[in-house]
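Undergrad: next comes the sequence, and after it the predicted model I'd like to discuss.
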There are 2 protein chains.
Amino acid sequence: MRRIKLTVAYDGSDYCGWQLQPGFPTIEGELNKALTQIEGREISVIGASRTDSGVHSLGNVAVFDSDSTIPADRFPYVVNRLLPEDIRVMKGEEVPSDFHPRHCDTRKTYEYTIYVSDISNPKERLYAYRHYAPLDTDLMNEAASVLIGTHDFTSFCSAKTDKEDKTRTIYELNVRQEKNKYIIHVEGNGFLYNMVRIIAGTLLRAGEGEMSAKKIEEALLLKDRALAGPTLPACGLTLVGITYL
Amino acid sequence: MRRIKLTVAYDGSDYCGWQLQPGFPTIEGELNKALTQIEGREISVIGASRTDSGVHSLGNVAVFDSDSTIPADRFPYVVNRLLPEDIRVMKGEEVPSDFHPRHCDTRKTYEYTIYVSDISNPKERLYAYRHYAPLDTDLMNEAASVLIGTHDFTSFCSAKTDKEDKTRTIYELNVRQEKNKYIIHVEGNGFLYNMVRIIAGTLLRAGEGEMSAKKIEEALLLKDRALAGPTLPACGLTLVGITYL
């Protein structure tokens, strides 16, 4: 028996998120189905990040125990034949038998993409959030710098979170402009429910000149969700990758 | 009665191309349906470019005659409410009553996107063609330079074309690399059936070192489709825009 770690990319547009929900299409459900067929017994993967409905991934992680003789690095080719084309296993590796993708120190990277257009662009609609007016990247980066470091992110997570401890560390947070797109890049040791989408909404407000860095510092200190910006839609969000430290 | 010109963007993934085919989803069919509802009588748009199934657009053109009092520049907002979200009217303008979008001198711009990855990337799959190995951009641009100018493009169009005269002028043709993507940019006075996709396939072969500029010059002169590269899939192709001269 070997423990196998799969790196999983997906277009989340047509899924009700990662987590298994019987009767609904989920990434976890599709992986379980494909692996069960390969292994010849019921497989339930353990996922690293339970991304929401409509959120995309370039590098989520799923772990399972294999009885097969398939070399770990061949798993992508075997599993991809059984997966729908909007889910792809990018990499397979053998890991220690006690490896758990959520009980490890990690560095997670997310990107949130905003594009500027009067009218929605059909080719962008699935992977970016449309805003009607240009944003000020300098103001966005000034605001971002306030959030870098170790903080209590109560103001920056959904009230629906089930986590007691809301302290997280953001290692990097910056905004770059590429033509009519703004890409918010964030790396941290973990993110609370909706945290990246709320950070994106807050930086959007900053870029409009509607929310100063000082106001964002205040929002952080006062631990009140109402003081941060809106939760932007899932489509703009991509889990870029997870590094195990 | 005013003649209205609409600039139309779409994600062609879920359509059987531009041209009306009763019983199948087409861009023209969706536009006709929306405009018929607005005008209260049967409307059939005249399209500029009958893009194939799966091909995308940022700026195709559709023309129709309106009896309504809607200002030309408000048409996008009115029509978009009735269109599926993968089709958007980006612009509305009044044009002379004898304007015909195919019987005018134009400059058409297309882009074909190739990306390099061992395994298909779910977020790229609808809008780019995957190739497994890096390409040589210099070789691609050298090959491209052979095709610029006025030539008989018999070797670079599908045998299924119904056009007698296969002479076309390419004003610009170049390849740029953006990270793991190669974007083939082409502008010309018109393109034959599958011509851009065959040019893309030929430049791909050139970028692999499999087809020299000299061989491509020969292919052009010998007027034999078999001598040019393969027709790449529709998903990588986008009609960027049409300029009326």
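TA: Okay, I see it. Numbers count the residues shown, from 1 in each chain, chains lettered A, B, ... in the order given.

Undergrad: for the rest of this, base every contact and every neighbour count on C-alpha atoms.
TA: OK.

Undergrad: quick one: name whatever helix or strand follows whatever helix or strand A:N32 lives in.
TA: Using DSSP states H and E, the secondary-structure element containing A:N32 is helix A:27-39. Using DSSP H and E, the helix or strand that directly follows helix A:27-39 along the chain is strand A:46-47.

Undergrad: tell me the average confidence for the helix or strand following that next one?
TA: Where DSSP H and E defines the elements, the next helix or strand beyond strand A:46-47 is strand A:56-66. Averaged across strand A:56-66, pLDDT comes to 98.

Undergrad: circling back to that earlier point, and the helix holding A:N32 with strand A:56-66, angle?
TA: Relative orientation of helix A:27-39 and strand A:56-66, computed by axes from the mean of the first three to the mean of the last three Cα atoms, to 10 degrees: 40 degrees.

Undergrad: ok now stretch A:192-211, how far from the chain's centre?
TA: With Cα atoms, centre = their mean, to the nearest Å as the basis, the distance from the averaged C-alpha position of stretch A:192-211 to the chain average is 15 Å.

Undergrad: tell me the spacing between the residue of chain A positioned farthest from its centre and B:T113.
TA: Most distant residue from the mean C-alpha position of chain A: A:T69, 32.0 Å away (Cα atoms, centre = their mean). In this view, A:T69 and B:T113 are 38 Å apart by Cα to Cα, to the nearest Å.

Undergrad: same check on A:F153?
TA: A:F153 sits at a distance of 40 Å from B:T113 (criterion: Cα to Cα).

Undergrad: same question for A:V186.
TA: Counting by Cα to Cα - A:V186 and B:T113 are separated by 28 Å.

Undergrad: next SSE downstream of the host helix or strand of A:R176?
TA: With the criterion set as DSSP H and E, the secondary-structure element containing A:R176 is strand A:167-178. Secondary structure here is assigned by DSSP H and E; on that basis, the next helix or strand after strand A:167-178 toward the C-terminus is strand A:181-188.

Undergrad: domains for chain A, by residue range?
TA: As given by automatic domain parsing, the domain ranges for chain A are A:2-95, A:106-244.

Undergrad: quick one: the last one near chain B?
TA: By that I understand domain A:106-244. Yes. Residues of domain A:106-244 are located near chain B by Cα under 8 Å from any Cα of the partner chain, namely A:119-123, A:125, A:127.

Undergrad: Throw those residues into CSV and include neighbour count, thanks.
TA: As requested, the residues of domain A:106-244 next to chain B are arranged in CSV below (neighbours: other Cα atoms under 10 Å in any protein chain shown):
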residue, neighbour count
A:I119, 16
A:S120, 22
A:N121, 24
A:P122, 21
A:K123, 21
A:R125, 16
A:Y127, 23
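
Undergrad: list the residues that contact A:I183.
TA: If you count contacts by Cα atoms under 8 Å, 6 or more residues apart in numbering or on different chains, A:I183 has them with A:111-114, A:175-177.

Undergrad: let me fix that: A:P101
TA: For A:P101, the contacting residues are A:46-48, A:61-63, by Cα under 8 Å, 6+ apart.

Undergrad: out of these, who has the most neighbours?
TA: A:V61 (25 neighbours; other Cα atoms under 10 Å in any protein chain shown).

Undergrad: sorry, back to before: nearest to B:F191, out of the domains of chain A?
TA: Counting by Cα to Cα, B:F191 lies closest to domain A:106-244 out of the domains of chain A; the figure is 22.6 Å.

Undergrad: in this structure A:G29 contacts A:L20, no?
TA: Yes. With contact defined as Cα atoms under 8 Å, A:G29 and A:L20 form a contacting pair (5.3 Å).

Undergrad: how about the spatially closest residue to A:S212 that is not a sequence neighbour, secondary structure?
TA: By the measure of Cα to Cα, 6 or more residues apart in numbering or on different chains, the closest residue to A:S212 outside its immediate chain neighbours is A:A206, 5.8 Å from it. The local conformation at A:A206, judged by DSSP: H, G, I helix; E, B strand; the rest coil, is helix.

Undergrad: swap in the one 4 residues further on?
TA: With three-state DSSP as the basis, A:E210 sits in coil.

Undergrad: sorry, back to before: distance to B:R107 added to the domains of chain A, as CSV?
TA: Shown next, in CSV, are the domains of chain A (distance: least, Cα to Cα, whole Å):
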stretch, distance to B:R107
domain A:2-95, 35
domain A:106-244, 22
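
Undergrad: wasn't A:V146 part of a helix?
TA: Yes. Judged by three-state DSSP, A:V146 forms part of a helix.

Undergrad: what about the residue nearest to A:S212, neighbour count?
TA: 26.

Undergrad: which stretches of chain A aren't confidently modelled?
TA: Segments of chain A classed as low confidence (criterion: pLDDT under 70) are not present in this model.

Undergrad: before we move on, back to that, now do the strand holding A:R176 against strand A:181-188, angle only.
TA: Using the same axes, to 10 degrees, strand A:167-178 lies at 160 degrees relative to strand A:181-188.

Undergrad: mind giving me the packing neighbours of strand A:167-178?
TA: helix A:137-147, strand A:149-152, strand A:181-188 (3 or more Cα pairs under 8 Å, 6 or more residues apart in numbering or on different chains; DSSP states H and E).

Undergrad: quick one: closest of the ones you listed to A:V79.
TA: Distance to A:V79, taken as Cα to Cα, is lowest for strand A:181-188 among those, at 29.1 Å.

Undergrad: sheet-wise, list the partners of the closest one with their directions.
TA: When sheet partners are counted by DSSP bridges, strand A:181-188 sits next to strand A:106-116 (antiparallel), strand A:167-178 (antiparallel).

Undergrad: any buried residues in the first one, and which?
TA: Translated: strand A:106-116. Residues of strand A:106-116 classed as buried under the neighbour-count rule (16 or more other Cα atoms under 10 Å in any protein chain shown) are A:106-116.

Undergrad: using TSV, please lay out the residues you listed together with distance to B:G229.
TA: Rendered in TSV, the data for the buried residues of strand A:106-116 read as follows (distance: Cα to Cα, whole Å):
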residue	distance to B:G229
A:T106	46
A:R107	44
A:K108	42
A:T109	40
A:Y110	39
A:E111	37
A:Y112	38
A:T113	36
A:I114	37
A:Y115	36
A:V116	37
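
Undergrad: ok, those residues vs A:A226, which is closest?
TA: A:Y112 (21.0 Å).

Undergrad: what packs against whatever helix or strand A:K214 lives in?
TA: When secondary structure is defined using DSSP H and E, the element that contains A:K214 is helix A:213-222. Secondary structure elements in contact with helix A:213-222, counted by 3+ Cα pairs under 8 Å, 6+ apart, are helix A:137-147, strand A:149-152.

Undergrad: dump those to a markdown table, plus mean neighbour count.
TA: Below are the helices and strands packed on helix A:213-222 laid out as a markdown table (neighbours: other Cα under 10 Å):
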| stretch | mean neighbour count |
| --- | --- |
| helix A:137-147 | 20 |
| strand A:149-152 | 14 |
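
Undergrad: which residues touch the residue nearest in space to the middle of chain A?
TA: What sits nearest the mean C-alpha location of chain A, by Cα atoms, centre = their mean, is A:L239, with 3.2 Å. The neighbourhood of A:L239, defined by Cα under 8 Å, 6+ apart, consists of A:55-60, A:108-111.
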